[in-house]
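below is the sequence, then the predicted model.
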Amino acid sequence: MDYLTVLSSLGGGVLIGLAAAMLLYFNHRVAGISGIVAGLLPQWQTDSVWRLAFLIGLMVSASLWFLMDGSIPIQLDASYGILALSGLLVGYGTLLGSGCTSGHGICGLARLSKRSMVATLCFMLTAALTVYVVRHVL
């Protein structure tokens, strides 16, 4: 077992949970990325500052990790067209499901939301089925 991986994963989970809890406590907002981004799209509003700060924080943290560790292993086995279509489908899914995996899976489950429990179960079952079909059927 690679304890460094376990500890960094645990630390990342704690930081995500802490950030979500702080956003809920101080701003009374759920840390769902799709909702945060959607709030920026129509027009600049008074609550756009925290939304932009949250998204910049996501990008800066990834950059800091890269600077500290020196590598972020990324392997893409799909064409840009497939990636674009996948992104559009995910966006449609967040609209259809009234939120994304971060909103339902992290924040909604922590608040014991029944709607989030059902949504997260659907996300996970769909992901498991997709992996099974891609790896064992196709």
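The structure has been received and is ready for your questions.

need the contact partners of the helix or strand containing residue 84.
Following DSSP states H and E, one finds residue 84 within helix 80-96. Residues outside helix 80-96 that contact it (CB atoms under 8 Å, 6 or more residues apart in numbering): 34, 76, 78, 100. Heads up, the C-betas are built off the backbone N, CA and C, glycines and all.

rerun that using 10 Å as the cut-off
32-35, 37-38, 76, 78-79, 99-104, 119, 122-123, 126 (CB atoms under 10 Å, 6 or more residues apart in numbering).

now a PyMOL select for only the buried ones of the residues you listed.
To isolate the buried ones among the contacts of helix 80-96 in PyMOL, judged by 16 or more other CB atoms under 10 Å, type:
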select buried, resi 32+33+34+35+99+100+101+102+103+104+119+123
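
picking that back up, buried residues, the helix holding residue 84. List them.
Within helix 80-96, the residues that qualify as buried are 93, 94, counting by 16+ other CB under 10 Å.

any idea of the mean pLDDT in that helix?
What helix 80-96 shows for mean pLDDT is 87.

what of stretch 23-31?
Here the average pLDDT along stretch 23-31 is 85.

now stretch 122-129
For stretch 122-129, mean pLDDT rounds to 91.

try stretch 41-51
The average pLDDT within stretch 41-51 is 76.

which outside residues touch it?
With CB under 10 Å, 6+ apart as the criterion, stretch 41-51 contacts 23, 26, 27, 29, 35, 36, 37, 38, 39, 40, 52.

among those, name the buried ones.
The neighbour count (16+ other CB under 10 Å) marks 23, 29, 35, 36 as buried among these.

among those, name the ones in helices.
23, 35, 36 (DSSP state H).

still on that earlier bit, how about the contacts of stretch 41-51 in CSV, adding distance to residue 83?
Shown next, in CSV, are these (distance: CB to CB, whole Å):
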residue, distance to residue 83
23, 29
26, 35
27, 32
29, 29
35, 23
36, 22
37, 18
38, 21
39, 25
40, 22
52, 25
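
and those residues, which is closest to residue 135?
Nearest to residue 135 out of these is residue 37 (CB to CB; 30.9 Å).

wait, the closest one sits on residue 55?
Yes. The pair residue 37 and residue 55 passes the contact test of CB atoms under 10 Å, sitting 6.9 Å apart.
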